[in-house]
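**Student:** next input, structure requested:
(chains A, B, C and D)
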There are 2 protein chains.
Amino acid sequence: MDERNISAAERTIGYLLRLPYERLSERVYGALAAQGFPDIRPAHSAVFRHIAGSGSRVSDLAERARMTKQSMAYLVEALASAGYVAATPDPADGRAKLVRLTRRGRAVSETLVRLSREAEEELAARLPPGRMAALRRLLGELAEVLERS
Amino acid sequence: MDERNISAAERTIGYLLRLPYERLSERVYGALAAQGFPDIRPAHSAVFRHIAGSGSRVSDLAERARMTKQSMAYLVEALASAGYVAATPDPADGRAKLVRLTRRGRAVSETLVRLSREAEEELAARLPPGRMAALRRLLGELAEVLERS
DNA sequence: GACACATAGTCAGACATTCTGTCCATATTG
DNA sequence: CAATATGGACAGAATGTCTGACTATGTGTC
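**Tutor:** You can find the predicted model right below:
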């Protein structure tokens, strides 16, 4: 059996999910760097994706991103020292601090969403009409099932 | 805007791809560990996924996995010292060596494919009939488009 | 055949991203 | 108030990736 071209049957669903994910990441974070945010890396999306407009606690961010508090704190610290987020004490809890996006952080967040949408649209244009919408719909259903566990 | 529950419109396609990928990875590599291969981690899939039955060069593996020779050599070395692969000189090229799966390496490869299929089937059972097949088909089309670039 | 260039692999070092374990300060609850 | 839980910080480690520099071998041209 020649595995140079992995047969369709042997492509795991994980491989099929990972391939486009990585290509999109490369593209989006490359473009983000070109637009003046070279220090934002894919790992930081865990923060941008989950942070609330009113600010979030590190613990909350960690839980939503399914990582340890320490790992999330590392990401937040990097973003804070680069001016993308700022932390203020949580008035409701003396132990906690609220992490908020700065203006620059909001710019990153909006740019990420825009670049991702653009990448998706360009990819959609290379597929038969409706395919990308169907894919998005299916992935949404899958996410719903997964979030329920 | 409350971002605690990311609205469907704001879910990037990257996020939608990444979510199931990560859940599947956790599950598959957790099960693999439980079946006696605790030292195989997701990064090693770059080797298992691309290695040819007749053996592959490190450079070839690196290129197919889209990583540097050095990074691939690091993964191969870890697998070699744990007995999952073995390297022999390439008779056709004195600079090169051929990396081959050992019996134990083939067992891992087969187990990975099986576990992934099982995970996919169980997930499919939690979706309306046909959805997983449709998803796989769409991801296959997407991969075809992406490989062409 | 010699030289120039390309390729396979290695060594060294760096960095990013995660983890575990430990600890302190503050809340919460019986 | 005592006991426990929680938010966060500090220290250390493992993993996986990169760049740069290097050696040895192969390839192609004169």
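
**Student:** and the residue nearest the centre of chain A, which helix or strand is it part of?
**Tutor:** The centroid of chain A falls nearest to A:Ser45 when counting by CA atoms, centre = their mean (3.8 Å). Per DSSP states H and E: A:Ser45 is located in helix A:45-50.

**Student:** near chain B at all, that helix?
**Tutor:** Yes. Interface with chain B: helix A:45-50 contributes A:Ser45, A:Arg49, A:His50 (CB under 8 Å from any CB of the partner chain). (Glycine included, C-beta is placed from N, CA and C.)

**Student:** before we move on, what about stretch A:137-149?
**Tutor:** Yes. Shown here: stretch A:137-149 in contact with chain B (CB under 8 Å from any CB) through A:Leu138, A:Leu139, A:Gly140, A:Glu141, A:Leu142, A:Ala143, A:Val145, A:Leu146.

**Student:** who touches that stretch?
**Tutor:** Residues from elsewhere that reach stretch A:137-149 (CB atoms under 8 Å, 6 or more residues apart in numbering or on different chains): B:8, B:11, B:13, B:16-17, B:19-20, B:23, B:123, B:126-128, B:131, B:134-135, B:138.

**Student:** for the strand or helix carrying A:Ala119, packing partners?
**Tutor:** Per DSSP H and E: A:Ala119 is located in helix A:103-125. Helices and strands touching helix A:103-125, by 3 or more CB pairs under 8 Å, 6 or more residues apart in numbering or on different chains; DSSP states H and E, are helix A:13-34, helix A:45-50, helix A:131-147, helix B:13-34, helix B:131-147.

**Student:** how about the second one, does it reach DNA strand C?
**Tutor:** Yes. For helix A:45-50, a contact with DNA strand C is found by CB under 7 Å from any atom of the strand, at A:Ala46.

**Student:** pull the distance from that helix to the chain's centre.
**Tutor:** Distance, stretch centre to chain centre, for helix A:45-50: 6 Å (CA atoms, centre = their mean, to the nearest Å).

**Student:** for it, give the mean pLDDT please.
**Tutor:** Across helix A:45-50, the average pLDDT comes to 98.

**Student:** does DNA strand D sit close to it?
**Tutor:** No. Helix A:45-50 lies out of reach of DNA strand D by CB under 7 Å from any atom of the strand, never closer than 12.6 Å.

**Student:** buried stuff in the following helix or strand past that helix?
**Tutor:** Going down the chain from helix A:45-50, the next helix or strand is helix A:58-65, by DSSP H and E. Neighbour counts over helix A:58-65 (16 or more other CB atoms under 10 Å in any protein chain shown) mark A:Val58, A:Asp60, A:Leu61, A:Ala62, A:Arg64, A:Ala65 as buried.

**Student:** related to what we said a few turns ago, now do the helix holding A:Ser45: which elements does it pack against?
**Tutor:** helix A:58-65, helix A:69-81, helix A:103-125, helix B:13-34.

**Student:** run through who's touching that helix.
**Tutor:** By CB under 8 Å, 6+ apart, the list of residues contacting helix A:45-50 reads A:56, A:60-61, A:64-65, A:67, A:72, A:75-76, A:79, A:85, A:99, A:101, A:105, A:108-109, A:112, B:3, B:6, B:14-15.

**Student:** please pick the buried ones from those.
**Tutor:** Buried, going by 16+ other CB under 10 Å: A:56, A:60-61, A:64-65, A:67, A:72, A:75-76, A:79, A:85, A:99, A:101, A:105, A:108-109, A:112, B:3, B:14-15, out of the contacts of helix A:45-50.

**Student:** contacts with DNA strand C among these, please.
**Tutor:** Applying CB under 7 Å from any atom of the strand to those, those adjacent to DNA strand C are A:Met67, A:Leu75.

**Student:** confidence score at A:Pro3?
**Tutor:** Wrong residue type there; residue A:3 is Glu, not Pro. On the pLDDT scale, A:Glu3 gets 43.

**Student:** scratch that, A:Arg117
**Tutor:** If you check A:Arg117, the pLDDT there is 97.

**Student:** quick one: it and B:Thr12 touch, right?
**Tutor:** Yes. Counting by CB atoms under 8 Å, A:Arg117 touches B:Thr12, with 7.5 Å between them.

**Student:** okay, those two: which has more neighbours?
**Tutor:** B:Thr12 (21 against 15; other CB atoms under 10 Å in any protein chain shown).

**Student:** residue contacts, the more buried one?
**Tutor:** Per CB under 8 Å, 6+ apart, neighbours of B:Thr12: A:Leu112, A:Val113, A:Ser116, A:Arg117, A:Glu120.

**Student:** measure it to DNA strand D for me?
**Tutor:** From B:Thr12 across to DNA strand D, the span is 21 Å (CB to the nearest atom of the strand, to the nearest Å).
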